[in-house]
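Chemist: Mind folding the following:
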Amino acid sequence: MGYDVEYSEVRIERAVKGKPHKGKVLLAIQPHSDDIPLSAGGLVAKLLNEGYTGYLCSVSDDARGAGEYKQHRIDNQNIADFYGMKGSFELLMPHHQMDSVGIQDLKQRFIFLSDP
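Modeler: Numbers count the residues shown, from 1 in each chain. Sure thing, here's the model as predicted:
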């Protein structure tokens, strides 16, 4: 029924002074166009503040209806701009049907994004 997990104390990660991660790259991957700001916005902001160069990648096409993709593209770029990221990408996988996407296809797309 439950998970066999041993819990420890909650640890709050505090900001580090300076730019200890300067020269590193963060690819913030989100299945849908609102997942990073809703679920990991604080962590992403912290890491970028500590020197990471950031990029945003949305995996799904968020196609809920005709014409909505254009607005999601604008939203993704606005999120990237808000965090001071260098850019954003969309992989255009079928919305809420990512179980049908081959893992090798997804991996090669991430590799393609990371290859300079």
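
Chemist: C-alpha only now, for contacts and for neighbours.
Modeler: Will do.

Chemist: show me where pLDDT drops low in this structure?
Modeler: Applying pLDDT under 70 to the chain flags residues 1-2, 64-68, 114-116.

Chemist: can you map out the helices along it?
Modeler: Using DSSP state H, the helices found in the chain span residues 35, 41-49, 68-83, 103-114.

Chemist: For the last one, which residues meet the burial criterion?
Modeler: Of the residues in helix 103-114, residue 110 count as buried by neighbour count, 16 or more other CA atoms under 10 Å.

Chemist: Make residue 1 into 623 and carry on from there
Modeler: Understood, numbering begins at 623; the last thing we discussed is helix 725-736.

Chemist: and residue 626, what does it touch?
Modeler: By CA atoms under 8 Å, 6 or more residues apart in numbering, the contact list for residue 626 is empty.

Chemist: Can you tell me what sits against stretch 691-703?
Modeler: 655, 659, 677-678, 680, 683-685, 708-710, 712.

Chemist: okay, the residues you listed in a markdown table with neighbour count and distance to residue 691 next?
Modeler: Converted to a markdown table, these look like this (neighbours: other CA atoms under 10 Å; distance: CA to CA, whole Å):
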| residue | neighbour count | distance to residue 691 |
| --- | --- | --- |
| 655 | 23 | 10 |
| 659 | 16 | 18 |
| 677 | 21 | 19 |
| 678 | 24 | 16 |
| 680 | 24 | 12 |
| 683 | 21 | 7 |
| 684 | 23 | 6 |
| 685 | 16 | 6 |
| 708 | 12 | 21 |
| 709 | 17 | 17 |
| 710 | 21 | 14 |
| 712 | 20 | 10 |
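
Chemist: For the helices of the chain, give me TSV that also has distance to residue 625.
Modeler: As requested, these are exported to TSV (distance: least, CA to CA, whole Å):
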stretch	distance to residue 625
helix 657	25
helix 663-671	26
helix 690-705	35
helix 725-736	26
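
Chemist: And these: which comes nearest residue 630?
Modeler: helix 663-671 (20.3 Å; CA to CA).
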